[in-house]
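Trainee: sharing a model that was predicted from the sequence below.
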Amino acid sequence: MTTFRKLLVTGLLAAVLGATESAVAAALAPAKPSQVVTLTNGSGNDCPFLGEAVDTQLFPDGSVQPFTIPAKQVLVITEVDWGVVFGPASAAAVVALSVQPPSATQSIPFFLDVTPADATGTAGGTAAIANAIVRSGSTVCVAGGTTGTKQVILRGFLTKDR
């Protein structure tokens, strides 16, 4: 291998390793415990386009309050627990999460899960979500192709919108 090729390969390798290190260092994570949020649906509020709003914040002491994403911040969703009750027995239970802007004419899906319900029409699951980012002013919504009551608990954190 010529000296030029050795230098070129070494330079490319250093650039790739440096880019990987920067990408890892820039991973999204909460800076303070106060940024961590747990959210659920159940307020009865409809989404602008389809589904029910996930717009209630759950606190460690058991209290709840209405939730909206503060101005100049984003919500980063990292995990979901979901369940369907009173659905069709032994049918496929479907839960979908989406983001809807205030004047939505469409829904932007970011999570879909399907699992068989048991004989009583109950199903559920837990899943990690790879950093779904929701801007202030938008609504996180839950819907699904299954009849029955859908319940979700979302975990994530708030951070500055850059």
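Mentor: Sure, I can see it. Numbering: from 1, shown residues only.
Trainee: now do the contacts for the residue most central in space within the chain.
Mentor: The centroid of the chain falls nearest to I77 when counting by CA atoms, centre = their mean (3.5 Å). By CB atoms under 8 Å, 6 or more residues apart in numbering, the residues touching I77 are 97, 110, 129, 131-134, 140, 154-156. Quick note: C-beta positions are derived from backbone N, CA and C, even for glycine.
Trainee: got it, and V152?
Mentor: Applying CB under 8 Å, 6+ apart, one finds that V152 lies in contact with 40-41, 54, 80-83, 95, 97, 142.
Trainee: drop anything exposed from these.
Mentor: Buried by 16 or more other CB atoms under 10 Å: 40-41, 54, 80, 82-83, 95, 97, 142, out of the contacts of V152.
Trainee: could I get the full set of strands for the chain?
Mentor: Applying DSSP state E to the chain gives strands spanning 36-40, 52-53, 56-58, 64-66, 73-85, 92-100, 108-116, 123-135, 139-143, 149-160.
Trainee: could you check how far L50 is from I108?
Mentor: 11 Å (CB to CB, to the nearest Å).
Trainee: residues shared between the contacts of those two?
Mentor: With CB under 8 Å, 6+ apart as the test, L50 and I108 both reach 98, 100.
Trainee: ok, and the closest non-adjacent residue to G87?
Mentor: Excluding its sequence neighbours, the residue lying closest to G87 (CB to CB, 6 or more residues apart in numbering) is G148, at 3.0 Å.
Trainee: got the contact list for that neighbour?
Mentor: By CB under 8 Å, 6+ apart, the neighbours of G148 are 84-88, 93, 117, 121.
Trainee: so V80 sits against L112, correct?
Mentor: No - using CB atoms under 8 Å as the test, V80 is too far from L112 to be in contact (10.8 Å).
Trainee: shared neighbours of those two, which are they?
Mentor: With CB under 8 Å, 6+ apart, V80 and L112 have common neighbours L97.
Trainee: what is the burial count for I129?
Mentor: I129 is flanked by 16 other residues according to other CB atoms under 10 Å.
Trainee: for the nearest residue to A143 once chain neighbours are set aside, give me the pLDDT.
Mentor: Closest residue to A143 apart from its sequence neighbours, by CB to CB, 6+ apart: G51 at 3.3 Å. As predicted, G51 sits at a pLDDT of 91.
Trainee: and G51, how far is that from A123?
Mentor: Per CB to CB, G51 is found 18 Å from A123.
Trainee: between these two, which is the more surrounded one?
Mentor: Set G51 next to A123 and count neighbours by other CB under 10 Å: A123 wins out with 24 against 21.
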